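Participant: here's my sequence, what's the structure:
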Amino acid sequence: NIYGSAALSYTINNWLTAKVRGNYNYFNSDSQRNVAAFSQPTVLGSKDSNGKIYKNTLEKTTIYGDALLIGNPKINDDISLDFTLGASISDLKYNITTIENNKLFVANLFALNNLDWGNEQGQGVFGNGRSYIITHPQRQDQSVFASASLGYKSKVYLDLTFRNDWSSTLAGTGNNGIDYESIGANGILSEIFDLPQSISFWKVRASYATVGNALDPTSTIPQPEFNAGVITGSYSSAPVSNAMFSDLFPKPEFNRTFEAGTELRMFKNRLSFDFTFYKSVVSNQYLKGVDAATNFGVQSGKVDINAGKIENIGFESSLSYKVFNNGKFSWTTTLNASSNKNTIKELLPLKYYPDPEKLFVLTGGGFNMLKVGGSFGDLYGTAFKRDAQGRIVVDANGVPIKDSNEKQYLGNPNPKFMLGLNNNFNIGNFNVSFLVDGRFGGQVLGFTQSVNDGLGVSQASADSRDAGGVSIPNAVYENGTPYTGC
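Facilitator: Here you go, the predicted model:
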């Protein structure tokens with residue numbers, strides 16, 4: 001990893017400064033995983049493989065530069081103003097290579113020149129454990145921005161920001177410019193009102209902000225995909241190109257957030273309390289691999305579109321107390337608590353997808369599906385068949401029957417509530433801290449447990465064998481007769 005930066009600052013007068021900054025970052029990683037012959041066929045991808053190589057290389061180059069004009073002119077003794085005007089440019093380049101090959105000429109010789117990429121005709125092949133993909137995504141963003149903070153008697157402040165980004169990842173869409181703003185206000189109540197001496201500091205705050213987000217490189221200009229030198233017929237993306245559906249052309253994502261909170265310090269800053277309530281709505285997420293409802297102009301049955309509206313409502317809070325505080329020894333304990341409720345308000349455009357119950361499977365996540373009214377991260381899969389009373393239905397042999405609907409809601413891994421207790425000790429120049437935290441609520445899929453249970457090698461399966469079988473309480477046969485076996 002190589003990093004370098006430079007900055008130039010010039011003081012124009014006693015309240016105005018000009019700055020120019022730039023940095024360069026180069027990152028390179030190279031990893032390889034070797035799977036020896038005679039490993040599990042499910043890992044090798046073949047029963048007669050001489051071994052398998054997984055190799056990944058990443059080369060990333062980032063160049064950033066900006067120019068700033070920073071000022072704090074004196075208006076009068078009561079009113080203060082701080083502002084920043086600026087422009088920036090960033091350029092990001094990747095070179096990514098992914099190799100997977102289970103056709104080694106010599107067993108367990110894990111060298112790239114020992115890999116077989118050809119077929120009988122000497123042509124490159126992919127699939128069946130072989131893949132060789134090289135990509136060069138690139139992205140450039142150009143921006144102008146401004147911010148201002150207006151204060152009155154160091155008691156009340158109004159903060160404003162504006163930013164406009166032009167991203168190369170939105171080229172050709174007519175939506176390549178993204179502008180977003182924010183406004184915030186805060187008041188220091190301990191300066192405005194005459195409060196009890198026990199209150200050292202008290203501030204309230206509120207803000208509303210919009211934030212735009214461009215897309216991944218090649219999202220709007222599909223690039224043909226090559227694998228092992230073979231044109232696969234697939235493309236890096238599938239945006240809508242039919243002018244009849246211009247409302248589905250790629251556009252930037254947006255996040256609109258409202259926050260309100262308070263900060264309170266008491267007993268000469270010994271006790272501190274901070275609380276923030278927030279509500280955010282994220283819209284225009286770029287969903288990939290959606291079933292095309294009609295001829296959107298894509299070259300396959302899948303399409304990438306902006307859709308959805310996800311709402312997050314929650315709070316973050318902390319309560320801190322300085323138990324001891326002197327020159328040689330101090331002990332501060334802090335209790336943190338937070339909660340977030342995530343709800344999918346909209347999913348696919350009803351104009352083209354009128355079924356509100358339609359499930360959308362996230363790319364690469366066969367068990368993670370989205371549905372209106374659900375939450376991001378919801379897990380769907382197979383469950384036992386149950387009767388109208390919720391009892392498990394078994395067959396004639398007492399084995400639970402799988403429900404024919406293989407897309408049933410199973411749960412969500414995200415916690416409903418999080419709690420943490422941190423203790424920090426300072427002993428002279430020596431600092432020690434430890435954290436105890438907890439996540440409450442949420443379900444997790446255990447694939448390892450499932451496989452071990454199926455193979456009969458888990459502790460749970462051993463305990464069931466010792467018990468003479470698995471007990472299924474309150475189960476019934478298909479005709480409704482209670483099941484009394486084990």
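Participant: model confidence score at the closest residue to D395 other than its chain neighbours, please.
Facilitator: Leaving aside its sequence neighbours, D395 sits nearest to I401 (CB to CB, 6 or more residues apart in numbering; 5.6 Å). C-beta: built from backbone N, CA, C; applies to glycine. With respect to pLDDT, I401 has a value of 89.
Participant: mind listing residues that contact stretch 476-486?
Facilitator: Stretch 476-486 has contacts (CB atoms under 8 Å, 6 or more residues apart in numbering) with 387, 391-396, 398, 401, 468-472, 475.
Participant: next one: stretch 309-327
Facilitator: 269-283, 285, 330-346, 376.
Participant: work out the gap between it and the centre of the chain.
Facilitator: Computed by CA atoms, centre = their mean, to the nearest Å, the chain-centroid distance of stretch 309-327 equals 23 Å.
Participant: got the CA coordinates for that stretch in CSV?
Facilitator: The C-alpha coordinates for stretch 309-327 follow below in CSV (Å, rounded to 0.1, in the frame of the first residue of the first chain):
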residue,chain,number,x,y,z
LYS,A,309,-38.1,2.6,-0.8
ILE,A,310,-36.7,1.4,2.5
GLU,A,311,-37.4,3.2,5.8
ASN,A,312,-35.2,3.0,8.9
ILE,A,313,-36.4,4.4,12.2
GLY,A,314,-34.4,4.1,15.4
PHE,A,315,-32.4,5.7,18.1
GLU,A,316,-28.8,5.8,19.5
SER,A,317,-28.0,6.7,23.0
SER,A,318,-25.1,6.7,25.5
LEU,A,319,-24.9,7.3,29.2
SER,A,320,-21.4,8.0,30.6
TYR,A,321,-20.1,8.5,34.2
LYS,A,322,-16.7,9.3,35.5
VAL,A,323,-16.4,7.1,38.5
PHE,A,324,-13.0,8.4,39.4
ASN,A,325,-11.2,11.3,37.9
ASN,A,326,-7.8,12.6,39.2
GLY,A,327,-4.3,13.0,37.9
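Participant: can you pull out the helices in the protein?
Facilitator: 41-44, 189-192, 447-455, 459-466 (DSSP state H).
Participant: and the least confident helix or strand in the chain by mean pLDDT, what does it pack against?
Facilitator: When each helix and strand of the chain is scored by mean pLDDT, DSSP states H and E, strand 230-235 comes last, with a mean of 73. Secondary-structure packing of strand 230-235 (3 or more CB pairs under 8 Å, 6 or more residues apart in numbering; DSSP states H and E): strand 224-227.
Participant: now the strand it packs on: buried residues?
Facilitator: 226-227 (16 or more other CB atoms under 10 Å).
Participant: now it, how far from the centre of its chain.
Facilitator: Remark: strand 224-227 is offset 27 Å from the chain centroid, using CA atoms, centre = their mean.
Participant: likewise for stretch 7-19?
Facilitator: For stretch 7-19 - counting by CA atoms, centre = their mean - the centre lies 38 Å from the chain centre.
Participant: go on, stretch 351-369?
Facilitator: On CA atoms, centre = their mean, the centre of stretch 351-369 falls 18 Å from the chain's centre.
Participant: name the surrounding residues that touch that stretch.
Facilitator: 245, 248, 287-290, 293-294, 347-348, 350, 370-372, 377-381, 407, 410, 445.
Participant: taking these, please make a ChimeraX selection of just the buried ones.
Facilitator: The following ChimeraX line selects those of the contacts of stretch 351-369 that are buried, judged by 16+ other CB under 10 Å:
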select :245,248,287,288,289,290,293,347,348,370,371,372,377,378,379,380
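Participant: excluding chain neighbours, what is closest to Y278?
Facilitator: Nearest to Y278 is E259, by CB to CB, 6+ apart, at 4.7 Å.
Participant: now the one you found: how far from A209?
Facilitator: To A209, E259 is 8 Å away according to CB to CB, to the nearest Å.
Participant: do A37 as well
Facilitator: A37 is 56 Å from A209, by CB to CB.
Participant: likewise S280?
Facilitator: In terms of CB to CB, S280 sits 9 Å off from A209.
Participant: equivalent analysis for A293, please.
Facilitator: Counting by CB to CB, the gap from A293 to A209 is 34 Å.
Participant: same check, this time on Q142
Facilitator: Relative to A209, and taking CB to CB, Q142 is found at 21 Å.
Participant: also F360?
Facilitator: 28 Å.
Participant: so between the two, which is more surrounded?
Facilitator: Applying other CB atoms under 10 Å to F360 and A209 shows that F360 carries more neighbours, namely 19 against 16.
Participant: what touches both of S280 and A209?
Facilitator: With CB under 8 Å, 6+ apart, S280 and A209 have common neighbours 256-257.
Participant: quick one: pLDDT of I313?
Facilitator: pLDDT, I313: 96.
Participant: same check on the one 10 residues further on?
Facilitator: Predicted confidence (pLDDT) at V323: the value is 89.
Participant: please apply the same query to G390.
Facilitator: G390 carries a pLDDT value of 87.
Participant: in the sheet, who's paired with A7?
Facilitator: Beta-bridge partners for A7, by DSSP bridges, are R21.
Participant: how far away is the residue nearest to D395 from N368?
Facilitator: I401 is 26 Å from N368, by CB to CB.
Participant: higher neighbour count, the two?
Facilitator: Neighbours per residue, other CB under 10 Å: of I401 and N368, the larger number sits with N368, 18 against 14.
Participant: where does the stretch 201-350 of the chain dip in pLDDT?
Facilitator: Counting by pLDDT under 70, the stretch 201-350 of the chain contains low-confidence ranges at 233, 294-300.
Participant: and the strands in it?
Facilitator: Residue ranges of the strands in the stretch 201-350 of the chain, as given by DSSP state E, counting those that start in this stretch, are 224-227, 230-235, 253-266, 271-291, 302-325, 329-346.
Participant: pairing partners for the last one, with directions?
Facilitator: Here strand 329-346 is paired, per DSSP bridges, with strand 302-325 (antiparallel), strand 417-427 (antiparallel).
Participant: quick revisit: please pick the buried ones from the contacts of stretch 309-327.
Facilitator: Here, 16+ other CB under 10 Å leaves 272-274, 276, 278, 280-283, 285, 332, 334, 336, 339-340, 342, 344, 376 buried among the contacts of stretch 309-327.
Participant: hmm, back to that, name the stretch among the helices of the chain that sits most buried.
Facilitator: When you average the neighbours per residue for each of the helices of the chain (mean count of other CB atoms under 10 Å), helix 189-192 leads with a mean of 14.
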